[in-house]
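Participant: Sequence plus the predicted model coming up.
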Amino acid sequence: MNDYDALRDYLLRQKQEELVLSFEQIEEIIGAALPRAAQRASWWDSLRSPDIQMPQREACLAAGFVATRMPDGQSVRFRKKKGERRR
């Protein structure tokens, strides 16, 4: 189990195609503080450097979502990957 399994599970339960969560909401979901690196857009970018394993990226992808940090620097957009249909 990794620190982001709770985020994966939360995303798996979502019905909408896209949602935005604040860092505070994500911290509530995972039950821990996000690292300082989470403020960098590249830390969330699910499609960047796929050869480098990062648990937060893997959790999002395992749930069928692509994550992108929002321009406000305090929230993340989760968008279902094309072709992913979860019921």
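Facilitator: Structure received.
Participant: Please name the nearest non-neighbouring residue to residue 54.
Facilitator: residue 43 (7.4 Å; C-beta to C-beta, 6 or more residues apart in numbering). C-betas here are computed from N, CA, C, even on glycine.
Participant: What are the contacting residues of whichever helix or strand residue 9 is part of?
Facilitator: According to DSSP states H and E, residue 9 maps onto helix 5-12. Here helix 5-12 makes contact (C-beta atoms under 8 Å, 6 or more residues apart in numbering) with 26, 29-31, 56, 59-60, 62-65, 78, 86.
Participant: Need the CA coordinates for that helix. PDB is fine.
Facilitator: The C-alpha coordinates for helix 5-12 follow below in PDB (Å, rounded to 0.1, in the frame of the first residue of the first chain):
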ATOM      1  CA  ASP A   5      -4.000   4.500  -2.400                       C
ATOM      2  CA  ALA A   6      -6.700   6.500  -0.700                       C
ATOM      3  CA  LEU A   7      -6.600   9.000  -3.500                       C
ATOM      4  CA  ARG A   8      -6.800   6.300  -6.100                       C
ATOM      5  CA  ASP A   9      -9.800   4.800  -4.300                       C
ATOM      6  CA  TYR A  10     -11.500   8.200  -4.000                       C
ATOM      7  CA  LEU A  11     -11.100   8.800  -7.700                       C
ATOM      8  CA  LEU A  12     -12.400   5.300  -8.600                       C
END
